[in-house]
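Q: Here is the input, now give the coordinates:
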Amino acid sequence: MTIDSSNPFYLHSYDHPGMILVSKFFDGNSFGARKRAMTIALLAKNKLIFINSTVTMLANQPHLAYWKRCNDMVILWTLNTLNHDIRDSVLYAETAQILWNELNS
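A: Numbering: from 1, shown residues only. Predicted structure coming up:
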C-alpha cells in the first residue's frame, strides 16, 4: 500500500526518532508556550491527530501497523523535548494521546 504525503500515516525519510521538533526542553515551566510550539510542529508534520484523539488505535484497523509506527514516532518526538525527570514520569505512556494528556494534567 502506498501512502501519500497528505496522509497522517505518512513518514518522510527525514523523519526519525531522534528528531527534535521544539528546540527548548520542557522543564515544567512555561507549559503554555511549549504546548503551542509542539502543537504547531505536529500540525506541520500532519501528526497533530495523534495527540488530539482524532485517530485512535483499533485492533481491527486495516492500517494498524502504520498507526503504531506514527504513534511511536510522535511519542519519541515528544519525549525528545522533555527534561529527564519529566520524561521518566511519562515514559511508559502507551499512546501519544495518553502522554500528551499526562503532560497537560
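Q: can we go C-alpha only for contacts and neighbour counts from here?
A: Noted.
Q: And for the residue sitting nearest the centre point of the chain, nearest residue in space, chain neighbours not counted?
A: Note on the chain: the residue nearest the mean C-alpha position is residue 74, at 2.3 Å, using Cα atoms, centre = their mean. Leaving aside its sequence neighbours, residue 74 sits nearest to residue 96 (Cα to Cα, 6 or more residues apart in numbering; 6.1 Å).
Q: Could you do residue 98 as well?
A: Nearest residue to residue 98, sequence neighbours excluded (Cα to Cα, 6+ apart): residue 51, at 7.7 Å.
Q: Check whether the one you found really touches residue 100, as I assumed.
A: Yes: when contacts are counted by Cα atoms under 8 Å, residue 51 is listed as touching residue 100 (6.2 Å).
Q: For this protein, which segments count as strands?
A: For the chain, no strands are identified by DSSP state E.
Q: Can you list the low-confidence ranges for it?
A: 1, 54-60 (pLDDT under 70).
Q: so what does the biggest helix by length in it touch, helix or strand wise?
A: Longest helix in the chain, counting residues (DSSP state H): helix 64-79. Contacts defined by 3 or more Cα pairs under 8 Å, 6 or more residues apart in numbering; DSSP states H and E place helix 64-79 against helix 96-104.
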